[in-house]
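>>> Need coordinates for the below:
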Amino acid sequence: MNPGTTASLICPACGQAFLSMQQSMEGMVQCPHCAHNALRGYFGTQAQVAGVAQVRRRVSQAQAAPVPPVFAQPAAWQPAQPPPVPMPTISVARPTLHPSQALLPTGGPPPRDDFTPPPHLRSSPWRGICAVLAFAAVCGGALWLWWDSVNASAGQPGAVAGASHGKEPVPNEPSVPPTQISRAVIPAPDAGAVTADTKALVTELFAADSAEGRAACIHEAAKYGAEIEALFGGGAKTELRLLSRIPGMPQTLPGGEPVLVFKLVTSACANGALVRLEKGGDGKRRISWPLLRETHSGALAGFLKKPAGEADWFYVALRPSHGLDIAVELRPRYITFDVQVSGGGQPHFVACVERDTPLGRFMDRETEWGKSYLARLLVRRLDIKSDAPCVLVIDCEGAPER
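Sure, this is the predicted structure:
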């Protein structure tokens, strides 16, 4: 047979024909019909079975052929012959066999337990042992590396102690700015108590007849004694017209501390000044003087009338805006805020912070849309094309160093 071709075999167990590509007589073949498994030599081919059938037909025809009649010869002509010797009858006929039985060997197939596979199919007994040893070695090495990494710091306490005196380790967790932490934990003040204290302090401030009485209402009055008397202790007495709370609760920037802000209208300030309370070392709340003085006297509006090169600090209330008051081509350059320095919202100012600066990134990170803030800013006049007076923010009190 040519290698690589199939052969039609006959199963000696069931007699069914099937195709097989096994050409070696020592190879194992399994019948797909009855699952009989034996060597290739025990399976006959179609040609072998056909040859056996032809022999069987010729033998059967030879037995069935008629014997011609034998006519007796005359006695005179018949020579003397020895008596016939009986011969054993040899029958060449064999019982009818199934095609699958015609090729069965006389000895029968060897038991399946006695079959020895060819050398190229035998597996070495050391192969499994070597695989188990290699797996155990890999597991042991991995366990040793893990144990060494876990106990490395514990085994060298001196190295860890020495490293602690050098540079501080960089934390793996993202750092949160202190202002954000404080903003998250500082509770809102008691609105009722703060409102009651504000009314009492403002009423006492305008009703006081002495400097000591007015100083008792101001936080850290010793620093601002001359300013207090210049504003409320002069010849023309300032009258109290209105005190009301401004809606909302702005937060300090930086810090995020919620505060209550009030509108104070007097005979000298029709737009209304801004008033807030601060708690002193004795635990009592008193009026914050810088915010009251600047908003009552219109300090920021007067500053903007000075030359553009000067800069100064001011307390302001601000809220993030879209910068619609400045030219369109300048909006990508600045972060803008609406500035309020009076209880009535007038006059209106715009604070601009350069976007690509540390201060700009700080204020952009610490402020949120829809919220108002109270801060002390270092500003100077900004002469740009706008619909409202603009100031350029140079610094913010409490901001991290740049």
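>>> E294 belongs to a strand?
No. Counting by DSSP: H, G, I helix; E, B strand; the rest coil, E294 is located in no strand; its state is helix.
>>> who are the neighbours in contact with it?
300, 314-315, 341 (Cβ atoms under 8 Å, 6 or more residues apart in numbering). To be clear about C-beta, it is placed using only N, CA and C from the backbone, and glycine gets the same treatment.
>>> from the middle of its chain, how far away would the longest helix seen in the chain be?
In the chain, with assignment by DSSP state H, the single longest helix is helix 126-150. Centroid separation for helix 126-150 versus its chain: 33 Å, with Cα atoms, centre = their mean, to the nearest Å.
>>> By neighbours, which of the contacts of E294 wins?
Within these, most neighbours by other Cβ atoms under 10 Å means V341, with 24 neighbours.
>>> where does it sit relative to L205, distance-wise?
Separation of V341 from L205 (Cβ to Cβ, to the nearest Å): 20 Å.
>>> ok, now G398?
Counting by Cβ to Cβ - G398 and L205 are separated by 27 Å.
>>> now do L304
From L304 over to L205 (counting by Cβ to Cβ), the distance is 29 Å.
>>> And for R361?
41 Å.
>>> These two - which one has more neighbours?
Ranked by neighbour count (other Cβ under 10 Å), R361 and L205 place L205 first, with 23 against 15.
>>> host element of that one?
helix 191-207 (DSSP states H and E).
>>> And K263, by the same measure?
strand 262-266.
>>> Next, the angle helix 191-207 makes with that strand.
Relative orientation of strand 262-266 and helix 191-207, computed by axes from the mean of the first three to the mean of the last three Cα atoms, to 10 degrees: 20 degrees.
>>> Next SSE downstream of strand 262-266?
Counting by DSSP H and E, what follows strand 262-266 is strand 269-275.
>>> hmm, who's touching that next one?
So strand 269-275 is contacted by 198, 202, 242-243, 246, 261-266, 287-288, 291-292, 295-298, 315, 317, 340-344, 346 (Cβ under 8 Å, 6+ apart).
>>> hmm, which of those are the buried ones?
The neighbour-count test (16 or more other Cβ atoms under 10 Å) marks 198, 202, 243, 246, 261-266, 287-288, 291-292, 295-297, 315, 317, 340-343 as buried among the contacts of strand 269-275.
>>> Could I get the CA-only coordinates of stretch 224-237 as CSV?
What follows is stretch 224-237, C-alpha atoms only, in CSV (Å, rounded to 0.1, in the frame of the first residue of the first chain):
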residue,chain,number,x,y,z
TYR,A,224,-8.4,100.0,65.3
GLY,A,225,-9.2,102.5,68.1
ALA,A,226,-8.4,105.6,66.0
GLU,A,227,-10.4,104.4,63.0
ILE,A,228,-13.4,103.5,65.1
GLU,A,229,-13.6,107.0,66.6
ALA,A,230,-13.0,108.6,63.2
LEU,A,231,-16.0,106.8,61.7
PHE,A,232,-18.5,106.7,64.6
GLY,A,233,-17.1,109.0,67.2
GLY,A,234,-16.9,112.3,65.3
GLY,A,235,-19.0,115.4,65.5
ALA,A,236,-21.7,114.3,63.1
LYS,A,237,-23.3,111.2,64.6
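>>> List the buried residues of that stretch.
Going by 16+ other Cβ under 10 Å, stretch 224-237 has these buried residues: 224-225, 227-228, 231-233.
>>> now these in a markdown table, with secondary structure, distance to W126 and pLDDT?
What follows is the buried residues of stretch 224-237, written out as a markdown table (DSSP: H, G, I helix; E, B strand; the rest coil; distance: Cβ to Cβ, whole Å; pLDDT from 0 to 100):
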| residue | secondary structure | distance to W126 | pLDDT |
| --- | --- | --- | --- |
| Y224 | coil | 97 | 88 |
| G225 | helix | 102 | 86 |
| E227 | helix | 100 | 88 |
| I228 | helix | 102 | 87 |
| L231 | helix | 104 | 85 |
| F232 | helix | 105 | 84 |
| G233 | coil | 108 | 78 |
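>>> Which of the residues you listed sits closest to G256?
Y224 (26.4 Å; Cβ to Cβ).
>>> I'd assumed L292 was in contact with the closest one.
No. Y224 is not in contact with L292 according to Cβ atoms under 8 Å; the separation is 9.8 Å.
>>> re the thing from before, starting at the chain centroid, how far to the helix holding L205?
Its chain's C-alpha centre and that of helix 191-207 lie 53 Å apart, by Cα atoms, centre = their mean.
>>> Please apply the same query to stretch 224-231.
Distance of stretch 224-231 from the chain centroid (Cα atoms, centre = their mean) equals 60 Å.
>>> Spell out the secondary structure type for P290.
helix.
>>> Tell me how far it lies from V259.
14 Å.
>>> separation between the residue nearest to E239 when sequence neighbours are not counted and I246?
In space, and not counting its chain neighbours, E239 is closest to S267: 4.2 Å by Cβ to Cβ, 6 or more residues apart in numbering. For S267, the distance to I246 (Cβ to Cβ) stands at 20 Å.
>>> do the same with C396
C396 sits 22 Å away from I246, going by Cβ to Cβ.
>>> what does S124 give?
92 Å.
>>> Same question for P125.
P125 is 93 Å from I246, where distance means Cβ to Cβ.
>>> for Y42, same thing?
108 Å.
>>> Same question for I287.
In terms of Cβ to Cβ, I287 sits 15 Å off from I246.
>>> Likewise for L392?
26 Å.
>>> One more: V379?
V379 is 22 Å from I246, by Cβ to Cβ.
>>> What of R285?
Counting by Cβ to Cβ - R285 and I246 are separated by 17 Å.
>>> List the contacts of the residue nearest to E239.
For S267, counting by Cβ under 8 Å, 6+ apart, the contacting residues are 238-239, 241.
>>> By pLDDT, give me the weakest of those residues.
Scanning the contacts of S267 for pLDDT, the smallest score is found at T238, 83.
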